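1. sequence first, predicted model second:
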Amino acid sequence: MSASDWLALFSICLMGAFSPGPSQAMVLSCVAHYGKAAGMRAALGHGLGVLLYAFASATGLSVLILTHEQVFTYAQIAGSGLLLYIAFGLFRAAMRPARPDAAHDPENVTDAILLKSFRDGFLIAVFNPKIAVFFLSLFSQFLGPEQTIVTHILMGLLAGGIDTFAYVSIVMLASLPAVTIFLARYERSQNLLFAIILGLLAVSIAIPSLSRII
């Protein structure tokens with residue numbers, strides 16, 4: 001790949017990482033519920049998931065999906081199920097009485113919560129079919145038969161690194177005192193809004209996917 005190709009790939013990955021979507025909603029929810037540390041874990045988990053997706057796309061996931069179309073269909077269904085699960089959790093949180101101080105008290109953030117935040121960040125990246133479509137369509141413009149595994153690894157590291165940088169930046173911004181106060185004040189409204197967005201997205205993914213296998 002030429003320097004201009006790497007620059008184009010960098011620019012597109014950066015714009016994709018900062019674009020709004022279910023991943024941002026989940027990471028912001030972690031910050032709103034458990035504070036900066038949990039948000040950072042979610043950002044790192046998401047970055048790892050994106051890195052694996054990017055590497056898999058560069059090394060042949062597109063061939064697998066073209067030759068076994070149902071694989072992608074089942075991935076979409078699994079992804080919609082994950083989104084519904086997260087949406088349900090946000091809806092339940094919106095229905096509970098607000099606890100303004102507990103959510104951001106470091107004493108209340110256990111290792112289990114941090115691990116869950118990392119896991120949720122990783123899973124929403126791995127099971128989000130839109131990320132698969134993004135990398136399959138993006139990398140198809142840059143892949144060539146002469147490329148080595150080292151090039152594919154570098155492409156994955158670039159995409160994962162940019163994604164991690166983007167979400168860590170979002171967590172840092174959401175952790176600023178003024179933003180933290182805003183998130184705490186409107187936490188229930190945010191949870192309900194994010195739950196609706198994720199729920200609608202899950203349904204929009206699941207219906208056409210299920211129709212292809214029924």
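-> Happy to help now that I have it.
2. list the buried residues of whichever strand or helix holds I162.
-> Element membership for I162 (DSSP states H and E) is helix 149-174. For helix 149-174, burial by neighbour count (16 or more other C-beta atoms under 10 Å) applies to 151-152, 154-156, 158-164, 166-168, 170-171, 174. Quick note: C-beta positions are derived from backbone N, CA and C, even for glycine.
3. and that helix, what does it pack against?
-> With contacts defined as 3 or more C-beta pairs under 8 Å, 6 or more residues apart in numbering; DSSP states H and E, the packing partners of helix 149-174 are helix 3-18, helix 22-34, helix 36-56, helix 177-185.
4. which elements pack onto the third one?
-> Using 3+ C-beta pairs under 8 Å, 6+ apart, the elements in contact with helix 36-56 are helix 22-34, helix 111-126, helix 129-139, helix 149-174.
5. out of those helices, which is closest to F91?
-> helix 22-34 (11.4 Å; C-beta to C-beta).
6. helices or strands up against that closest one?
-> helix 36-56, helix 69-95, helix 111-126, helix 149-174, helix 177-185, helix 187-213.
7. out of those helices, which one sits most buried?
-> Among the helices and strands packed on helix 22-34, helix 36-56 has the highest mean neighbour count (mean count of other C-beta atoms under 10 Å), at a mean of 24.
8. just the C-alphas of that helix, formatted as CSV.
-> Extracted as CSV, the C-alpha positions of helix 36-56 are listed here (Å, rounded to 0.1, in the frame of the first residue of the first chain):
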residue,chain,number,x,y,z
LYS,A,36,-14.5,7.3,34.0
ALA,A,37,-12.8,4.0,34.8
ALA,A,38,-15.7,1.9,33.5
GLY,A,39,-15.9,4.1,30.4
MET,A,40,-12.2,3.5,29.8
ARG,A,41,-12.6,-0.2,30.0
ALA,A,42,-15.5,-0.1,27.6
ALA,A,43,-13.4,2.0,25.2
LEU,A,44,-10.5,-0.5,25.4
GLY,A,45,-12.9,-3.5,24.9
HIS,A,46,-14.4,-1.8,21.9
GLY,A,47,-11.0,-1.0,20.4
LEU,A,48,-10.0,-4.7,20.8
GLY,A,49,-13.2,-5.9,19.1
VAL,A,50,-12.6,-3.5,16.2
LEU,A,51,-9.0,-4.6,15.9
LEU,A,52,-10.1,-8.2,15.5
TYR,A,53,-12.8,-7.4,13.0
ALA,A,54,-10.5,-5.3,10.9
PHE,A,55,-7.8,-8.0,10.9
ALA,A,56,-10.4,-10.7,10.1
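9. hmm, K130 and G21 touching each other?
-> Yes. Here G21 reaches K130: they are 7.1 Å apart, a contact under C-beta atoms under 8 Å.
10. would you point out the helix or strand in the protein whose mean pLDDT is lowest?
-> Least confident element among the helices and strands of the chain, by mean pLDDT, DSSP states H and E: helix 62-67 (a mean of 60).
11. residue contacts, the closest residue to V168 other than its chain neighbours?
-> Excluding the flanking residues, the one nearest V168 by C-beta to C-beta, 6 or more residues apart in numbering is A43, at 4.9 Å. Shown in contact with A43 (C-beta atoms under 8 Å, 6 or more residues apart in numbering): V27, G121, T164, Y167, V168, I170, V171.
12. unless I'm mixing things up, the third one is touching G47, no?
-> Yes. Under the contact definition of C-beta under 8 Å, T164 touches G47, with a separation of 3.0 Å.
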